[in-house]
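Pasting a predicted model and its sequence here:
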Amino acid sequence: VVIMPRAARTAASSSLPSTVAARSYIHENGFAKVVLATEGGLKLRLHVWRPDTGAPAQENIHDHRWDFASSVLCGEVGDQIFELGGSPLTGEAIETLHGHRYVRGTGHADYGLVPSGAKVARRVAARTFRAGESYSLPHSVLHRIVVTHPELTATLVLTGPVVSSTCQLLARTPLQPTKAADGRQLTPADVRLLFDHVEGSR
């Protein structure tokens with residue numbers, strides 16, 4: 001929890017924002033993805049949701065290619081856990097969605113999406129994490145992050161080494177076969193501003 005303020009102060013007075021911005025962008029799920037450091041297959045990332053950006057959030061259900069741990073720095077996040085299968089007749093929280101397989105591209109924000117047909121997902125848990133709280137998830141768990149907090153929300157995320165070459169995305173509407181971060185790349189000024197906003201919200 002104390003890492004982010006120190007990183008922000010260091011970045012603000014050095015050339016680090018340029019290095020960080022080169023690998024950071026606005027994610028389709030509605031947050032700024034800021035990759036602070038990478039080493040030995042690990043990545044330290046800052047995720048920032050700003051209500052004033054108007055960034056459209058798809059809030060897809062997905063799993064990951066790596067295990068991860070997340071600590072909420074400010075604001076709050078809702079985390080919904082899903083399993084495949086289920087029937088609306090049981091009265092459970094069921095969603096019928098468009099399935100996709102994610103394949104990593106060559107660029108830091110490039111990927112391919114291969115349609116995998118209709119999927120039925122059952123929500124099995126819903127929890128809320130607030131500032132100062134942390135959680136972790138194995139790579140194979142399907143979940144959806146929902147951020148409705150009216151103020152800025154930020155999480156510090158540590159991702160582990162890649163353990164799967166692909167992952168799943170389940171969306172309410174079909175997604176494009178390929179996607180990239182064109183037009184959503186962060187600038188060094190964006191990175192400095194995000195650091196300032198997170199510092200000011202703590």
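The structure has been received and is ready for your questions. Everything numeric in this text was worked out from a predicted model, so none of it was measured.

longest strand in this protein, by residue count?
strand 111-130 (DSSP state E).

For the next helix or strand after it, which helices and strands make contact with it?
Sequence order places strand 134-137 as the next helix or strand after strand 111-130, per DSSP states H and E. If contacts are counted by 3 or more C-beta pairs under 8 Å, 6 or more residues apart in numbering; DSSP states H and E, strand 134-137 sits against strand 68-74. For glycine as for every other residue, the C-beta is placed from the backbone atoms N, C-alpha and C.

Return the set of buried residues in the next helix or strand along the chain from the strand it packs on.
The C-terminal neighbour of strand 68-74 among helices and strands, as given by DSSP H and E, is strand 76-84. For strand 76-84, a neighbour-count test (16 or more other C-beta atoms under 10 Å) marks 76-77, 79-82 as buried.

so how many other residues sit close to the closest residue to Ala118 other than its chain neighbours?
Sequence neighbours aside, Thr96 is the residue nearest to Ala118 in space, at 6.2 Å (criterion: C-beta to C-beta, 6 or more residues apart in numbering). Residues within reach of Thr96, counting by other C-beta atoms under 10 Å, total 12.

Same question for Ala189.
Ala189: 10 neighbours (other C-beta under 10 Å).

Report the distance from stretch 69-76 to the chain centre.
A distance of 12 Å separates the centroid of the chain from that of stretch 69-76, by C-alpha atoms, centre = their mean, to the nearest Å.

Doesn't Thr19 belong to a helix?
Yes. Membership of Thr19 in a helix is supported by DSSP: H, G, I helix; E, B strand; the rest coil.

can you point me to the longest helix in the protein?
In the chain, taking DSSP state H as the definition, the longest helix is helix 188-201.

so Lys119 makes contact with Thr96?
Yes. Using C-beta atoms under 8 Å, Lys119 is in contact with Thr96, at 7.4 Å.

mind checking which helix or strand of this protein has the lowest mean pLDDT?
Least confident element among the helices and strands of the chain, by mean pLDDT, DSSP states H and E: helix 3-12 (a mean of 49).

which residues does Ala131 contact?
72-76, 202 (C-beta atoms under 8 Å, 6 or more residues apart in numbering).

Roughly how far does it sit from Val103?
35 Å (C-beta to C-beta, to the nearest Å).

shouldn't Lys33 be in contact with His47?
Yes. Shown here, Lys33 and His47 form a contact pair, counting by C-beta under 8 Å, at 6.0 Å.
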